[in-house]
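Asks: generate coordinates for the sequence data below:
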Amino acid sequence: MEATMDHSEFRIGMEFMTASGRWRCTDVGSRVIAAIRLDLDHDPAWYNGPPYAVVEHIFDEYGMEDCDPAPAERAFDDSGKAGIVIRPRLSRGPSAPEGR
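Replies: Numbers count the residues shown, from 1 in each chain. Now for the predicted structure:
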């Protein structure tokens, strides 16, 4: 079983991972932390703040247990773009005159 992160390990600006993706810590309170989700399909300017253009989420002591330190290099794409398949439109031939 992996070690869980403790409240004392969080710092403003640090990135961490959960099952839902990569996050950046935006505030450390006495018992909770606030963080923004780093979705790769957003404009990077959305992550400049505060205030942020994306929603800040609160992690309590139970939520922090599910966090792992993020690797320095991003080795994944959680945007879903990798799974998109683009296919050309099928040609229907010459269009029929209207009224037929």
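Asks: any weak-confidence spans in the chain?
Replies: 1-3, 40, 74-86, 91, 93-100 (pLDDT under 70).
Asks: so where do the helices sit in it?
Replies: 61-64 (DSSP state H).
Asks: do a quick rundown of the strands in it.
Replies: Secondary structure of the chain (DSSP state E): strands at 15-18, 21-28, 33-37, 56-59, 68-69.
Asks: and the angle from the second one to strand 33-37?
Replies: For the pair strand 21-28 and strand 33-37, the angle between their directions (axes from the mean of the first three to the mean of the last three Cα atoms, to 10 degrees) equals 140 degrees.
Asks: list the buried residues for strand 21-28?
Replies: Buried residues in strand 21-28, counted by 16 or more other Cβ atoms under 10 Å: Arg22, Trp23, Arg24, Cys25, Thr26, Val28. C-beta: built from backbone N, CA, C; applies to glycine.
Asks: elements contacting that strand?
Replies: Contact here means 3 or more Cβ pairs under 8 Å, 6 or more residues apart in numbering; DSSP states H and E; on that basis strand 21-28 packs against strand 15-18, strand 33-37, strand 56-59.
Asks: looking at the ones you listed, which is buried most?
Replies: Among those, strand 33-37 has the highest mean neighbour count (mean count of other Cβ atoms under 10 Å), at a mean of 21.
Asks: partner strands of it and their direction?
Replies: The strands beside strand 33-37 in its sheet (DSSP bridges) come out as strand 21-28 (antiparallel), strand 56-59 (antiparallel).
Asks: contacts for the longest one, please.
Replies: With Cβ atoms under 8 Å, 6 or more residues apart in numbering as the contact definition, strand 21-28 has outside contacts at 7, 10-17, 33-39, 47, 49-50, 52, 56-57, 67, 70, 74, 78.
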